[in-house]
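# here is the input, now give the coordinates:
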Amino acid sequence: MRLQLTRPLIFFDLETTGINIASDRIVELSYHKLFPDGTAEGKTVRIKPVRWEGGQEVQMHIPDEAAAVHGIHDDDVASCPTFKQLAPQLAEVFADGDIAGYNSTYFDVPLLAEEFLRAGQTIDLKSKCFVDAFTIFQRHEPRTLTAAYRFYCGKNLEDAHSADADTMATYEVLMAQMERYTDLPATVKELSDYLAGDKRMADFAGRILYDQQGKEIFNFGKYKGQRVIDVFRRDRGYYSWLLDGDFPEYTKSVFKRIYLSL
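Here you go, the predicted structure:
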């Protein structure tokens, strides 16, 4: 294995109620945790998606279009634990490692961060390195995970869009990519930086970036490209608008931290 690990690398995949980071929930999570000594452990858990309604927690409906993709329906998760119930043990899984996924940078990782926040579980995901096998594939052979699996591993992906199958396929694809592309960095930190390129995100949804001086800047709206702290100094109403807007909770937490530093 050419990939050099100094701490565990956690491959993971999510199946969800939809694709909205702020409002959708996880219904299945699978991980494959690879340790520096070459050993590994993994698990797949089904999760009951819930939201607060009328002062109580109620199960969220899994839309037909989402169920058609991953095959998980309301009855399949009705007796499963909620994310909040699983959060402590999942936080322990992710606490000591870096993270790898397939097309995970703008969806799986941000949604996972949202779920941890809603559960009140403290975990510092921003301190981790992120490796997205899709980004490597996109730069060299733009296709889907199924095609990537066939291209790099010479096998057909059975049970595509099940979290367990997709997680293990991502692991095999990344290992094959590391062998094929000798220009890829060998350490997880260097690989993470290489894939991030010039767009270093201060949140997980890509709404806030870092400029060349390491200061947070807006990546959307009328103040795009401007430093967040400078905008808040002259337009405090914009901060209030952001907190009331349909933004992920983690993104709002970054806005709050910057505002409170004024």
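# ok now the helix or strand bottoming out on mean pLDDT in the chain, how far from the chain's centre?
Of all helical and strand segments in the chain, the minimum by mean pLDDT, DSSP states H and E falls on helix 133-140, at a mean of 88. How far helix 133-140 lies from its chain's middle: 16 Å, per Cα atoms, centre = their mean, to the nearest Å.
# from D132, how far off is the residue positioned nearest the centre of the chain?
Nearest to the mean C-alpha position of the chain, by Cα atoms, centre = their mean, lies V109 at 0.9 Å. Distance from V109 to D132, counting by Cβ to Cβ, to the nearest Å: 9 Å. All C-beta spots, glycine's among them, are computed from the backbone N, C-alpha and C.
# now do the shared contacts for these two.
Shared contacts of V109 and D132, defined by Cβ atoms under 8 Å, 6 or more residues apart in numbering, are found at G101.
# helices of the protein, start to end?
64-70, 74-77, 83-95, 108-118, 133-140, 145-153, 163-180, 188-196, 228-234, 236-244, 249-260 (DSSP state H).
# where does pLDDT dip in the protein?
1, 142 (pLDDT under 70).
# tell me the domain boundaries of it?
9-196, 208-260 (automatic domain parsing).
# make TSV from those domains and add distance to A202 to it.
What follows is those, written out as TSV (distance: least, Cβ to Cβ, whole Å):
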stretch	distance to A202
domain 9-196	8
domain 208-260	4
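# deepest-packed of these, please.
domain 9-196 (a mean of 18; mean count of other Cβ atoms under 10 Å).
# hmm, back to that, my guess is the residue nearest to the centre of the chain contacts D203, does it?
No. Contact criterion Cβ atoms under 8 Å: V109 and D203 do not qualify, at 10.6 Å.
# just the CA trace of stretch 51-59, in PDB.
Extracted C-alpha coordinates of stretch 51-59, given in PDB (Å, rounded to 0.1, in the frame of the first residue of the first chain):
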ATOM      1  CA  ARG A  51     -37.000  16.300  13.600                       C
ATOM      2  CA  TRP A  52     -38.600  18.500  16.300                       C
ATOM      3  CA  GLU A  53     -42.300  19.200  15.600                       C
ATOM      4  CA  GLY A  54     -44.800  20.600  18.100                       C
ATOM      5  CA  GLY A  55     -42.200  20.400  20.900                       C
ATOM      6  CA  GLN A  56     -41.500  16.700  20.400                       C
ATOM      7  CA  GLU A  57     -39.300  14.500  18.300                       C
ATOM      8  CA  VAL A  58     -41.000  12.800  15.400                       C
ATOM      9  CA  GLN A  59     -39.700  10.400  12.700                       C
END
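# who's in contact with it?
R25, K48, P49, V50, M60, D74, V77, A78, T82.
# mind checking how far stretch 67-78 is from the chain centre?
21 Å.
# also stretch 204-218?
So, by Cα atoms, centre = their mean, the centroid of stretch 204-218 is 17 Å from its chain's centroid.
# thinking again about what came up before, what inclination does the least confident helix or strand of the chain have with respect to helix 145-153?
Counting by axes from the mean of the first three to the mean of the last three Cα atoms, to 10 degrees, helix 133-140 lies at 70 degrees to helix 145-153.
# CA atoms only for helix 133-140 - export them in CSV, please.
Output of helix 133-140 as CSV, limited to C-alpha atoms (Å, rounded to 0.1, in the frame of the first residue of the first chain):
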residue,chain,number,x,y,z
ALA,A,133,-11.5,9.8,-4.2
PHE,A,134,-14.0,11.4,-6.5
THR,A,135,-11.8,14.5,-6.8
ILE,A,136,-8.9,12.3,-7.9
PHE,A,137,-11.1,10.4,-10.3
GLN,A,138,-12.6,13.7,-11.7
ARG,A,139,-9.2,15.1,-12.4
HIS,A,140,-8.0,12.0,-14.2
